[in-house]
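Undergrad: Build me a model:
(one chain, ligands or ions: 1)
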Amino acid sequence: MSPQAQSSSSSSNLHLDLPQPPKKIITTSPSPSSSGSNTLPSTNAHGHTNGKSLLFENTPYPTSNTSITLNSPSPSKLNIASTNGNGLTKTPSELDLSRTPPPRTFAPSPPPPISRCDSETDINMHINVAPHDNPLSTIGIGKVKGISKRYKDESELSRLMRTVDFAARKHSCQRRKDVDQTPYINHPIAVANYLSSTGITDVRVLQAAVLHDTVEDTHTTIEEIAQLFGTDVARIVDECTDDTSLSGLERKTAQLKSAPFKSREAQQVKLADKIHNLESIRRCPPVGWGIKRIQAYFIWAKQVTDVCAPAHPPLAEKLQELYETAYTRVDGVYHPCHPGVCGPLTEPEKDLVDSRLRELKKGDKVCPAPLFF
Ligand SMILES: Nc1nc2c(ncn2[C@@H]2O[C@H](COP(=O)(O)OP(=O)(O)O)[C@@H](OP(=O)(O)OP(=O)(O)O)[C@H]2O)c(=O)[nH]1
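TA: As a prediction, the model looks like this:
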């Protein structure tokens, strides 16, 4: 384990509850309505005042009967703990969070829905072979010679745009888990944008950022990516792809264990992936997420990003700022998103946060720019 991982893990000993909603929301008709059974506020609450932010007011939990403990000092120790009907079993060393959610199951996750919009016809259109004749469909990345001749002479800009187009087709039926069901493609584009806006100019890294969820969450294969975009891009995407046969808990553990051994490029994508997920959570969390799940994600994400931090210090600094300043409010009670790093809000800061929240509740439909860029 790297020194960064050690130092970060030592700050958290939190008994947390991680439910498993569907991995991605898939809709056939994009209707970003917040009506129906959603329990989150009807407007996205998000704000940023004097370096402290509050984003939304959270809502009740569904139920289950298992919870997760992230133990220090080893970030790889994620223990399932039984709960009683009223919620989590607490120990004196655990945080006493004001609202105990009903118990729920953490693992295993249901397999993520796969986008059905990424028809093989679309993909093979790019490589000029019939779907069932694709010579790459059964071979590993090691045997793929590299990018198809057809794309050898294209400019970097053209290649990047082709990558965005490919990812958009692949994710076209997917939505984020937030109440507005944001188009999923916004996430990989934002990840690439975090990298390019903090100085990453290697187009292969930007391509990999755009493609980083295609293999995990759509029918895309690494071989396709190798042939369409080259083996370097395919390798980075492969490193950023979780094994979806594992449970949610196992995937989280695996990410922690593998993070120190990833290439620099893959670690850069990981940092950007996490910063966008964390920003999304604090601005408009996935439907059904409560404070414990938010905090569990922040704690786990910090352990991963602390390991990856040296790969891209500018993003690591932004992440640290995020961990130190992100707040949420549940039933009028303020909670730091990362309880081990974030200090309590002062009264004046609470007032600023509240006034920002009131402002947003008047009806802010415009997706704001990320807070740090
Ligand atoms: N914050 C946020 N995340 C959303 C949203 N919609 C989908 N996601 C995805 O959900 C995952 C985070 O939720 P978890 O519950 O921890 O992940 P899991 O479903 O894979 O167990 C991320 O997957 P991932 O990209 O594989 O990242 P990671 O879990 O490896 O960090 C993230 O991209 C959303 O609206 N907000």
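
Undergrad: for stretch 173-182, what is the average pLDDT?
TA: Stretch 173-182 shows a mean pLDDT of 91.

Undergrad: do the same with stretch 193-211
TA: Averaged over stretch 193-211, pLDDT sits at 98.

Undergrad: end-to-end on that stretch?
TA: One end of stretch 193-211 sits 13 Å from the other (CA to CA, to the nearest Å).

Undergrad: what does that stretch rub up against?
TA: Applying CB atoms under 8 Å, 6 or more residues apart in numbering, the external contacts of stretch 193-211 come out as 156, 159-160, 163-164, 166-167, 188-189, 191-192, 220, 225, 229-230, 232-233, 236-237, 240, 265-266, 268-269, 272-273, 275-276, 312, 314-315, 318, 370, 373. (C-beta placed from N, C-alpha, C; glycine too.)

Undergrad: So which of the residues you listed belong to helices?
TA: Applying DSSP state H to the contacts of stretch 193-211, the entries found in helices are 156, 159-160, 163-164, 166-167, 188-189, 191-192, 225, 229, 232-233, 236-237, 265-266, 268-269, 272-273, 275-276, 314-315, 318.

Undergrad: what does the stretch 51-200 of the chain have sitting close to the ligand?
TA: 109, 176-178, 187 (CB under 6 Å from any ligand atom).

Undergrad: Can you flag which of these belong to helices?
TA: His187.

Undergrad: Could you list the alpha-carbon positions for the host helix or strand of Leu249 in PDB?
TA: Applying DSSP states H and E as the criterion places Leu249 in helix 248-258. Taking only C-alpha atoms (Å, rounded to 0.1, in the frame of the first residue of the first chain), the coordinates of helix 248-258 have been written out as PDB:
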ATOM      1  CA  GLY A 248     -20.500  -4.000  -5.500                       C
ATOM      2  CA  LEU A 249     -18.500  -4.500  -2.300                       C
ATOM      3  CA  GLU A 250     -15.900  -6.700  -4.000                       C
ATOM      4  CA  ARG A 251     -15.500  -4.100  -6.800                       C
ATOM      5  CA  LYS A 252     -14.900  -1.400  -4.300                       C
ATOM      6  CA  THR A 253     -12.300  -3.600  -2.500                       C
ATOM      7  CA  ALA A 254     -10.700  -4.500  -5.800                       C
ATOM      8  CA  GLN A 255     -10.300  -0.800  -6.800                       C
ATOM      9  CA  LEU A 256      -8.500   0.000  -3.600                       C
ATOM     10  CA  LYS A 257      -6.200  -3.000  -4.000                       C
ATOM     11  CA  SER A 258      -5.400  -2.400  -7.600                       C
END
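
Undergrad: which residue ranges form the helices in the chain?
TA: Counting by DSSP H, the chain has helices at residues 3-9, 120-127, 156-170, 186-196, 203-211, 214-217, 222-229, 231-239, 248-258, 264-283, 291-308, 313-325, 347-361.

Undergrad: nearest to Ile147, of those?
TA: The minimum distance between Ile147 and these falls on helix 222-229, with 6.5 Å, by CB to CB.

Undergrad: Packing partners of that closest one?
TA: For helix 222-229, the helices and strands in contact under the criterion 3 or more CB pairs under 8 Å, 6 or more residues apart in numbering; DSSP states H and E are helix 120-127, helix 156-170, helix 203-211, helix 214-217, helix 231-239.

Undergrad: Report the mean confidence score over it.
TA: Computed over helix 222-229, the average pLDDT equals 95.

Undergrad: Taking helix 203-211 as reference, get the angle to it.
TA: Put simply, helix 222-229 runs at 130 degrees to helix 203-211, going by axes from the mean of the first three to the mean of the last three CA atoms, to 10 degrees.

Undergrad: Any stretches of the chain with poor pLDDT?
TA: Under the criterion of pLDDT under 70, the regions of the chain flagged as low confidence span 1-145, 329-332, 352-353, 356-373.

Undergrad: quick revisit: mean neighbour count and distance to Cys337 for the helices of the chain - can I get that in a markdown table?
TA: Compiled in a markdown table, the helices of the chain are given as follows (neighbours: other CB atoms under 10 Å; distance: least, CB to CB, whole Å):
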| stretch | mean neighbour count | distance to Cys337 |
| --- | --- | --- |
| helix 3-9 | 19 | 15 |
| helix 120-127 | 14 | 38 |
| helix 156-170 | 18 | 28 |
| helix 186-196 | 22 | 18 |
| helix 203-211 | 26 | 23 |
| helix 214-217 | 22 | 24 |
| helix 222-229 | 25 | 33 |
| helix 231-239 | 22 | 27 |
| helix 248-258 | 18 | 17 |
| helix 264-283 | 24 | 6 |
| helix 291-308 | 26 | 5 |
| helix 313-325 | 19 | 8 |
| helix 347-361 | 16 | 13 |
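
Undergrad: could these be laid out in TSV, adding distance to Tyr334?
TA: Putting the helices of the chain into TSV (distance: least, CB to CB, whole Å) gives the following:
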stretch	distance to Tyr334
helix 3-9	23
helix 120-127	47
helix 156-170	37
helix 186-196	27
helix 203-211	33
helix 214-217	34
helix 222-229	43
helix 231-239	37
helix 248-258	26
helix 264-283	13
helix 291-308	10
helix 313-325	12
helix 347-361	6
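
Undergrad: Next, the contact list for Ala316, please.
TA: With CB under 8 Å, 6+ apart as the criterion, the residues that contact Ala316 are 271, 305, 308-310.

Undergrad: export the residues you listed to CSV and tack on distance to the ligand?
TA: Supplementary listing: those in CSV, determined by distance: CB to the nearest ligand atom, whole Å:
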residue, distance to the ligand
Leu271, 11
Thr305, 10
Cys308, 12
Ala309, 16
Pro310, 19
